[in-house]
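> I'd like to go over a predicted model; first the sequence, then the structure.
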Amino acid sequence: MYDVIVIGARCAGSSTAMLLARKGYRVLVVDRATFPSDIPHGHAIHKGGPARLARWGLLDRLVAGGCPQVTSTIADYGDFPLAADGLIKDGVPVACAPRRFALDALLVDAAVEAGAEVRAGYTVEGFLADDDTVQGVRMRGRASDAPITELARVTVGADGRRSRLAEFVRAPAYEESPSCTCWYFSYFSDVPRASLEVYARRDHAVFAFPTNDGLLGVFVCWAATDLPRVRADIEGSYMAAVDGIPELSAAVRAGRRVERFRGATDVPNFLRRPHGPGWALVGDAGCHKDPFLALGICDAFRDAELLAGALDDGLSGRRPLDEALADYERKRNEATMPDFRMNLHLARFRPPPDEFLRIRAAVRGDAEATRHFAMAFQGMVPRESFFNPDNLQRLMASAANTQPMYSPAGDASRQPARPRS
């Protein structure tokens with residue numbers, strides 16, 4: 001019998017397995033995929049994700065494998081592009097964006113090195129349960145005619161938004177909202193841009209970042225209701241959005257698209273109860289959101305740490321397991337809810353809060369204040385070091401004396417994104 005069986009070996013599953021195996025638990029990871037392999041998902045990592053990779057001893061390995069470190073950002077919410085540079089602390093950059101074939105393989109290898117057993121190319125066909133307690137899985141390998149059963153004290157679903165484990169245990173969902181956006185993306189060579197770039201407009205948004213093999217990933221999203229129009233001319237719709245950002249457009253058009261367009265249209269928003277008798281959920285299986293703020297991977301890493309800590313408390317006997325897992329849900333929700341709701345707000349193409357826009361206007365033209373603002377927003381330094389009344393009042397007063405403040409009633413061509421009628 002295993003202590004824990006993890007279904008799904010990508011970023012949430014392998015991270016959870018690695019952390020538990022490092023604590024000495026007997027862990028089995030099962031995934032129908034083999035590695036390395038790619039999936040059509042966004043892959044920008046920020047907001048604590050790079051710091052966790054560094055803490056786990058994996059960031060340097062990721063960079064050595066060809067993933068560039070991102071230490072600058074450009075953010076434009078329809079007001080103006082605000083560039084922040086030098087976003088690195090203790091050797092950890094603000095962001096990185098490894099291709100999933102590189103990231104997931106690295107995490108699988110790290111789980112194996114920690115002592116976890118990984119069975120790639122195995123499909124979970126069902127679950128073993130006694131009354132309402134999950135006791136293990138029934139699975140089948142690609143070359144096997146007979147199903148295999150394995151038992152565990154806890155079975156973890158890291159099997160994505162359509163989690164079969166969540167369906168089996170009927171995990172209740174809450175904070176639900178249907179897909180707000182649709183996405184298409186591709187990769188370009190010979191485009192020397194090094195920042196994580198975000199451009200939000202009234203009815204679409206464009207995201208760009210450097211990734212493996214010297215490529216620039218460019219992701220574009222529109223309202224979900226625009227999908228039929230976009231799908232009728234994917235390249236035309238995509239390039240029209242990119243062309244709305246002249247500097248980025250010139251760089252992209254001077255480069256060369258090296259991969260086909262890929263799409264993502266099934267991006268619902270929800271939280272699920274992530275635990276019950278003999279089971280737990282992590283990553284997208286327990287908390288899925290629109291990719292607008294690129295929270296998926298960094299939140300998966302965070303929740304892997306929270307779940308591994310809770311399972312360690314429960315399986316070791318330091319706390320009752322059900323109590324430890326209930327605490328995991330509470331901590332996850334406290335950590336994710338502000339970003340979850342802001343992400344949903346922006347994915348509906350609503351403008352950022354006026355206070356946020358005023359702060360952006362206040363730091364504009366002050367490189368050090370902009371850097372401090374970006375690092376606090378990303379959690380690289382304590383938020384209160386920047387977002388405190390004294391500092392904000394000083395910035396606002398200084399900006400009022402030296403430059404016109406940005407006003408949403410100003411130039412109509414630069415308006416922040418607004419709700420569609």
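Looks like it came in fine.
> for the rest of this, base every contact and every neighbour count on C-alpha atoms.
Noted.
> tell me which residues of the longest helix seen in the chain come out buried.
Scanning the chain for the longest helix, with DSSP state H as the assignment, gives helix 321-347. By neighbour count with 16 or more other C-alpha atoms under 10 Å, helix 321-347 contains the buried residues 321-322, 324-326, 328-329, 332, 336, 340, 343-347.
> residues in contact with the helix or strand of the chain with the lowest mean pLDDT?
Of all helical and strand segments in the chain, the minimum by mean pLDDT, DSSP states H and E falls on helix 389-402, at a mean of 89. Contacts of helix 389-402 from elsewhere in the structure, counted by C-alpha atoms under 8 Å, 6 or more residues apart in numbering, are 359, 361-363, 386, 405.
> pull the most distant pair out of those residues.
Largest separation among the contacts of helix 389-402 by C-alpha to C-alpha: 386 and 405, giving 19.2 Å.
> ok, the most centrally placed residue in the chain - contacts?
The structure's the chain has its C-alpha centroid closest to residue 296; by C-alpha atoms, centre = their mean the separation is 2.2 Å. With contacts taken as C-alpha under 8 Å, 6+ apart, residue 296 has the following neighbours: 283-284, 288-289.
> need phi/psi at it.
Recorded main-chain torsions at residue 296 are phi -60, psi -50, according to degrees, to the nearest 10.
> and if you look at residue 33?
Backbone geometry at residue 33, expressed as degrees, to the nearest 10, gives phi -80, psi 160.
> and for residue 99?
As for residue 99, its main-chain torsions (degrees, to the nearest 10) stand at phi -60, psi 150.
> I'd assumed residue 211 was in contact with it.
Yes - look at residue 99 against residue 211 with C-alpha atoms under 8 Å: they come within range, at 6.7 Å.
> hey, what's in contact with both of those two?
By the contact definition C-alpha under 8 Å, 6+ apart, residue 99 and residue 211 are jointly contacted by residue 67.
> now the helices: where do they sit in the stretch 201-350 of the chain?
Per DSSP state H, counting those that start in this stretch, the stretch 201-350 of the chain has helices spanning 227-232, 234-243, 246-254, 296-316, 321-347. These are given in chain order.
> want to throw those helices into JSON lines with distance to residue 29 and mean pLDDT?
Listed next are the helices of the stretch 201-350 of the chain as JSON lines, based on distance: least, C-alpha to C-alpha, whole Å; pLDDT from 0 to 100:
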{"stretch": "helix 227-232", "distance to residue 29": "36", "mean pLDDT": "98"}
{"stretch": "helix 234-243", "distance to residue 29": "37", "mean pLDDT": "98"}
{"stretch": "helix 246-254", "distance to residue 29": "40", "mean pLDDT": "98"}
{"stretch": "helix 296-316", "distance to residue 29": "14", "mean pLDDT": "98"}
{"stretch": "helix 321-347", "distance to residue 29": "20", "mean pLDDT": "97"}
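> and those: which comes nearest residue 166?
When those are compared for distance to residue 166 using C-alpha to C-alpha, the nearest one is helix 321-347, at 14.7 Å.
> just checking, what packs against the helix or strand following that closest one?
If you walk from helix 321-347 toward the C-terminus, the next helix or strand you reach (DSSP states H and E) is helix 354-363. Secondary structure elements in contact with helix 354-363, counted by 3 or more C-alpha pairs under 8 Å, 6 or more residues apart in numbering; DSSP states H and E, are helix 367-377, helix 389-402.
> name the residues of the last one that are buried.
Of the residues in helix 389-402, those buried under the neighbour-count criterion (16+ other C-alpha under 10 Å) are 392, 395-396, 399.
> going by distance to residue 151, which of the residues you listed wins?
residue 392 (55.3 Å).
> against residue 369, how distant is the closest one?
Taking C-alpha to C-alpha, to the nearest Å as the criterion, residue 392 is separated from residue 369 by 11 Å.
> now do residue 358
Distance of residue 358 to residue 369, computed by C-alpha to C-alpha: 13 Å.
> where does the protein dip in pLDDT?
In the prediction, the chain carries residues with pLDDT under 70 at positions 144, 402-421.
> could you list the domains of it?
What automatic domain parsing lists as the domains of the chain is 2-43+99-177+269-343, 181-264.
> mind checking the end-to-end distance for the last one?
According to C-alpha to C-alpha, domain 181-264 extends 9 Å from its N-terminal end residue to its C-terminal end residue.
> so how far is it off the chain centroid?
Between the mean C-alpha point of domain 181-264 and the mean C-alpha point of its chain there is a distance of 18 Å (C-alpha atoms, centre = their mean, to the nearest Å).
> next: the longest one.
The gap between where domain 2-43+99-177+269-343 is centred and where its chain is centred comes out at 15 Å by C-alpha atoms, centre = their mean.
> residue 152 touches residue 1, doesn't it?
Yes - under the contact definition of C-alpha under 8 Å, residue 152 touches residue 1, with a separation of 5.4 Å.
> residue boundaries of the helices in the stretch 51-200 of the chain?
Taking DSSP H, counting those that start in this stretch as the test, the helices found in the stretch 51-200 of the chain are 59-64, 100-114, 164-169.
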